[in-house]
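Colleague: Output the structure for:
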Amino acid sequence: MTPSFSLLFHKNFKQQCDRVIGQYPQANKDLINKQIITALEKIISDPFFQKCLEDLINRRLQCIIRRIYVGGRGGHRLIYISPPNKPYILPVFISEETRANFDYSKIPWEEIANNIYEDFKNKNYGAFTNWRKTP
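Modeller: Predicted coordinates for the structure are as follows:
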C-alpha cells in the first residue's frame, strides 16, 4: 500500500508562491500556477523520488530536505522537507528566479527552511494550512 501524505503550506511559503506567480505577466500566471501544482502533485505522490540535498549548514535538515524543478530543469526551484516518520510534506522555499539566474549561495533558503521546520517541530500549527491545489 502506498503511504498517504499531506502537504502543509506555511504562511511564508504561500507568500513566496504569490510573489513567484505575481512576477509573471497576466497571460502566463495560469501557466506558472499549473506548473507549481504539478510539482506539488509529484511531491505528494512520492516525496522521496528526489535525492536529498547535501552540503547543508544545518545538519538536522540533512536527509529530509529535497528539491524539485517547477516548469522543468530551467525553471524555478521548489525545496521541501519530508519529516521523518510523519505523513506530512512541508514545501519551504520556491525561488523567484529561474535556474539561469538562481544562486543558492545568495538566498537564505536554508534559514527559511529551518524556520518553517522549527514551526512544525514546535507544533505551531496555526502557521500552516492544508494544501488544496491552489498555492
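Colleague: Let me see the contact set for the residue nearest in space to the middle of the chain.
Modeller: Residue closest to the mean C-alpha point of the chain, counted by C-alpha atoms, centre = their mean, is residue 91 at 2.9 Å. Shown in contact with residue 91 (C-beta atoms under 8 Å, 6 or more residues apart in numbering): 7, 9, 10, 13, 40, 43, 78, 79, 80. Using the backbone N, CA and C atoms, a C-beta is placed for each residue, glycine as well.
Colleague: Residue 52: neighbouring residues, count only.
Modeller: Neighbourhood size, residue 52 [other C-beta atoms under 10 Å]: 14.
Colleague: One more: the one 5 residues further on?
Modeller: Summarising burial for residue 57: neighbours were counted as other C-beta under 10 Å, giving 9.
Colleague: Apart from its chain neighbours, what residue comes closest to it?
Modeller: Setting aside the residues directly before and after it, residue 57 is nearest to residue 110 in space (C-beta to C-beta, 6 or more residues apart in numbering), at 5.9 Å.
Colleague: residue ranges with poor pLDDT in the protein?
Modeller: 1-3, 133-135 (pLDDT under 70).
Colleague: can you give me the helices in it?
Modeller: 11-22, 26-45, 109-121 (DSSP state H).
Colleague: Run the angle between the longest one and helix 11-22 for me.
Modeller: Pointing back at helix 26-45 there. Helix 26-45 runs at 140 degrees relative to helix 11-22, counting by axes from the mean of the first three to the mean of the last three C-alpha atoms, to 10 degrees.
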